[in-house]
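Chemist: Model the structure of this input:
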Amino acid sequence: MYAWIGFYLSPELAQDAAGEDADPIAALATFAVVASGALGAVIAGWAADGVGRTAVTSACMAASGLCALAIGFAAELGPWWPVVVALVWRLTIISNSAQFSASVTELAEPDRIGTMLTLQTCDGFMLTLAAIHTVPWFAEELGWRHAFAPWRSAPSSACSPCCICGACRRP
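Modeler: Okay, here's the model as predicted:
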């Protein structure tokens, strides 16, 4: 989503710009969205050490999926609401990625950790690549307000297996 967030935010923020060029504001908002992932990783790391990685990973995946679904509807509340949703999305999507990797190292059999991390990383890159290439198509077919909604299922679909693994062994 973050590869296209600036394209989405610019026309939304233009509603609030009172005739001014919204692109610089959208660029700053996009930077804030991308940069907020670092904060999310730190917060999730602290939380995961306290309540468990699989619980935090599952919560972050559910939240990021809900954000992908909600961002289009948030625009109807006002031009700055999509920025808020995008910030929450980025905080949670980066968090689930980092915690997912940490969970794999703790839950996988010791002789399979490298293979499992490779598989998990490849899956993450494939999902990212697919999202980058399909969001423009969804934007054309559904409009920018709903271009991210089809990607809600990617993080959400991993919640159940993560919870099941976490119930077996709590890292």
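Chemist: For stretch 95-103, output the C-alpha coordinates as CSV.
Modeler: Extracted in CSV, the C-alpha atoms of stretch 95-103 (Å, rounded to 0.1, in the frame of the first residue of the first chain):
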residue,chain,number,x,y,z
SER,A,95,5.2,-4.4,13.3
ASN,A,96,3.6,-7.6,12.1
SER,A,97,6.4,-8.2,9.6
ALA,A,98,9.2,-7.9,12.2
GLN,A,99,7.3,-9.9,14.8
PHE,A,100,6.4,-12.6,12.3
SER,A,101,10.1,-13.1,11.6
ALA,A,102,10.9,-13.2,15.3
SER,A,103,8.0,-15.7,15.8
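Chemist: gap between that stretch and the chain center?
Modeler: Mean-position distance between stretch 95-103 and its chain equals 12 Å (C-alpha atoms, centre = their mean, to the nearest Å).
Chemist: what does the average pLDDT come to for it?
Modeler: For stretch 95-103, mean pLDDT rounds to 82.
Chemist: May I ask which helix or strand of this protein has the lowest mean pLDDT?
Modeler: Ranked by mean pLDDT, DSSP states H and E, the weakest helix or strand in the chain is helix 159-168, scoring a mean of 48.
Chemist: residue ranges with poor pLDDT in the chain?
Modeler: Applying pLDDT under 70 to the chain flags the ranges 1-2, 16-19, 151-171.
Chemist: Secondary structure element holding the spatially most central residue of it?
Modeler: Centroid-nearest residue in the chain: residue 93, 3.0 Å away (criterion: C-alpha atoms, centre = their mean). Residue 93 belongs to helix 81-107 when assigned by DSSP states H and E.
Chemist: Give me the helices and strands touching that helix, please.
Modeler: helix 5-14, helix 23-51, helix 53-74, helix 113-142, helix 159-168 (3 or more C-beta pairs under 8 Å, 6 or more residues apart in numbering; DSSP states H and E). C-beta here means a position set from N, CA and C on the backbone, and glycine is covered the same way.
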